[in-house]
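1. Sequence and predicted structure, then a few things I'm wondering about:
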Amino acid sequence: MRRQTLNEKALERYRALFEPKSMAVIGVSTRNDRHPANVIFNKNRLHYPIEVYAVNPSKGRLQGEPVYASVSEIPGKVDLAVIVVRAEQVRQVLADCIEARVGAGVIISGGFAEAGRSDLQEEIAALAREADFPFLGPNCIGMFSPPFVDTNFIAAERIVSPSPGNIALVCQSGGILVDLMIKLTGEGTGLSRAVSIGNKVLIREPDLLDYFIHDDRTRVIAFYVEGFGRGEGRTFLEAAARCPKPIVVLKSGKSPLGTTAVSSHTASLAGDYRVFSAALAQFGVLEAKNETELVNFCESLSRYRAPIKGNIAIVTGSGGHGVLAVDLCSALRLSVPTLPVEAQGELRSRISPSIQAIASLKNPFDLTGSATDEDFAAAVAYLWSRPEIDCVIALLLPYMPGISMDLGARLSFVAKQMDKMLVAYVPHVEKYQILTEGFELNGVPVAHSVEGAVLMAEAMRRWGRC
């Protein structure tokens, strides 16, 4: 399935996977509506613009719809088959799908190499390769491709689905995929695709990377990687080297115990983490150390296209918050330049007379708890006029008496006019949502921790080095 570039036929097959118009769910139960296949059937039938067919050899009816004995009995073309049957049955089901000219597949079923059944896994791999039939899995939870389809077998009431966005997320672990989807939703960040690849027998990270290069809906590509097959890591890095979009990677299996756990989870080779980490940097890939970094990197990269050198101005109403931000910038080797004395004087003349005598304007710029919307707007606009500053981090405390919930929209409007990078910190409390939305609706990322705000700036600085 590896290609240097994807031809039109390959792109069409991936569109059948991510943007299907029809889907067969194979393995539904007519007696247990909580069966994973039934969850997938009901979710898509009720909430997505896709024709959904139920398949089970026992036939019958499900939710008033006919259950077909096999995919070959379904009238019309089937773009996508979701296979949720016992491992021993997968090969025959796959053969039926190939014979019926189904476009692509998702194999949810487990019980393959991760359970010591490499023979079954190789059988389905050989069959699919010979027929040039692409599929995700096996041993995966499916994928989420808004607004087209959701083959994730977790019931809607148990999961939070992100809104459509421009980040593609690929994970070997289904649990990590769901966790990151929840975290991104909490940050107000949307996804173009969320893909669980499990044992990744056929469609692997390099294949998806090639596809997302061509995917107009995707601006940022993020991976949670446990390990690679032999030679696969090099193939991934070669694909990364020709990718014009930002790539973020979170790698597990860094420790000896983690390496062993990776092998038992998806039967992958964790490899030498230090070598892989160095190679990521060499090939221009941003490595996230943990989920927090991945989420913040993705949010920032999804909002901005132009990288920065990393010269940060920190504007705050709380000196303590400013000190925390400086320490975090220092740890990441982000520059926090002090303005010349005359520039500090110019800035002081632009803020309210009531705070001119008490504001600290060296960087961090502590406007104090008495600052108003006008003070923040004036300070941020002036700092962007300075050549030594290419990013402003605004640490906003909505409980300050002088600022309003309109400040987010106001500051982001200034950022748009001056074409500068702005990152905001706002505490994650529902009553402050209007302030947060004022930023996000205008394309400014909002972090809910000081560390997150600094990491967003760091992502754009690292992207600039790629």
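-> Here it is on my side, so go on.
2. For the residue nearest in space to the middle of the chain, list each beta-bridge partner.
-> Per Cα atoms, centre = their mean, the C-alpha nearest to the average position across the chain is that of residue 169, at 4.1 Å. Beta-bridge pairing for residue 169 (DSSP bridges): residue 194, residue 222.
3. show me what contacts it?
-> Residue 169 makes contacts with 177, 180, 181, 184, 191, 193, 194, 195, 222, 223, 224, 298, as judged by Cβ atoms under 8 Å, 6 or more residues apart in numbering. Where you see a C-beta, it was placed from the backbone N, CA and C, and this is true even at glycine.
4. swap in residue 159?
-> 152, 178, 181, 182.
5. ok, so what distance separates the third one from residue 242?
-> Note on residue 181: its distance to residue 242, by Cβ to Cβ, to the nearest Å, is 28 Å.
6. same question, the last one
-> Here the distance between residue 182 and residue 242 works out to 32 Å (Cβ to Cβ).
7. leaving aside the residues next to it on the chain, what's closest to residue 34?
-> Excluding the flanking residues, the one nearest residue 34 by Cβ to Cβ, 6 or more residues apart in numbering is residue 155, at 7.8 Å.
8. is it true that the one you found touches residue 41?
-> No. Using Cβ atoms under 8 Å, residue 155 is not in contact with residue 41, being 11.9 Å away.
9. okay, the two: which has more neighbours?
-> A direct count of neighbours by other Cβ atoms under 10 Å for residue 155 and residue 41 places residue 41 higher, at 28 against 14.
10. For the more buried one, what is the enclosing helix or strand?
-> Assigned by DSSP states H and E, residue 41 falls within helix 36-47.
11. Show me the protein divided up by domain.
-> 8-301, 306-465 (automatic domain parsing).
12. how about those in a markdown table, adding mean pLDDT?
-> Listed next are the domains of the chain as a markdown table, based on pLDDT from 0 to 100:
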| stretch | mean pLDDT |
| --- | --- |
| domain 8-301 | 91 |
| domain 306-465 | 95 |
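13. quick one: which of the contacts of residue 169 has the most company?
-> residue 298 (32 neighbours).
14. Shouldn't it be within a strand?
-> No. Counting by DSSP: H, G, I helix; E, B strand; the rest coil, one finds residue 298 to be helix, located in no strand.
15. measure it to residue 249 for me?
-> Applying Cβ to Cβ, the value for residue 298 to residue 249 is 11 Å.
16. just residue 378 next, same as before
-> In terms of Cβ to Cβ, residue 378 sits 40 Å off from residue 249.
17. quick one: which of those two has more around it?
-> Using other Cβ under 10 Å, the more surrounded residue of residue 378 and residue 249 is residue 249, with 22 against 19.
18. Surely that one touches residue 279?
-> No. When contacts are counted by Cβ under 8 Å, residue 249 is not listed as touching residue 279 (10.4 Å).
19. Emit the ChimeraX select command for whichever of the contacts of residue 159 are buried.
-> Applying 16 or more other Cβ atoms under 10 Å to the contacts of residue 159, the buried members can be selected in ChimeraX as follows:
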select :152,178,181
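20. Would you state the strands of the stretch 351-466 of the chain in chain order?
-> All strands of the stretch 351-466 of the chain, identified by DSSP state E, counting those that start in this stretch, fall at 360-361, 365-366, 391-395, 421-425, 446-447.
21. Who are the contact partners of residue 403?
-> Residues in contact with residue 403 (Cβ under 8 Å, 6+ apart) are 317, 371, 372, 373, 376, 396, 397.
22. residues touching the fifth one, list them.
-> Contacts for residue 376 were tallied using Cβ under 8 Å, 6+ apart; they are 315, 317, 367, 394, 396, 403, 407, 411.
23. hey, where'd the helices end up in the stretch 251-400 of the chain?
-> In the stretch 251-400 of the chain, helices defined by DSSP state H, counting those that start in this stretch lie at 256-266, 273-282, 291-303, 319-331, 341-350, 353-356, 373-384, listed in chain order.
24. Count the neighbours of residue 430 for me.
-> Residue 430: 7 neighbours (other Cβ under 10 Å).
25. Contacts made by the helix or strand following the helix holding residue 41 with the rest, please.
-> Remark: after helix 36-47, the chain's next helix or strand is strand 51-55, criterion DSSP H and E. For strand 51-55, contacts defined as Cβ under 8 Å, 6+ apart pick out 21-28, 41, 44-45, 62, 65-71, 74, 76, 78.
26. Can you select the buried ones from these in PyMOL?
-> Applying 16+ other Cβ under 10 Å to these leaves a buried subset, and the PyMOL line that selects it is:
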select buried, resi 21+22+23+24+25+26+27+28+41+44+45+62+67+68+70+71+74+78
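27. Could you pull up the residues touching the residue nearest to residue 34?
-> Counted by Cβ under 8 Å, 6+ apart, residue 155 has contacts 34, 39, 43.
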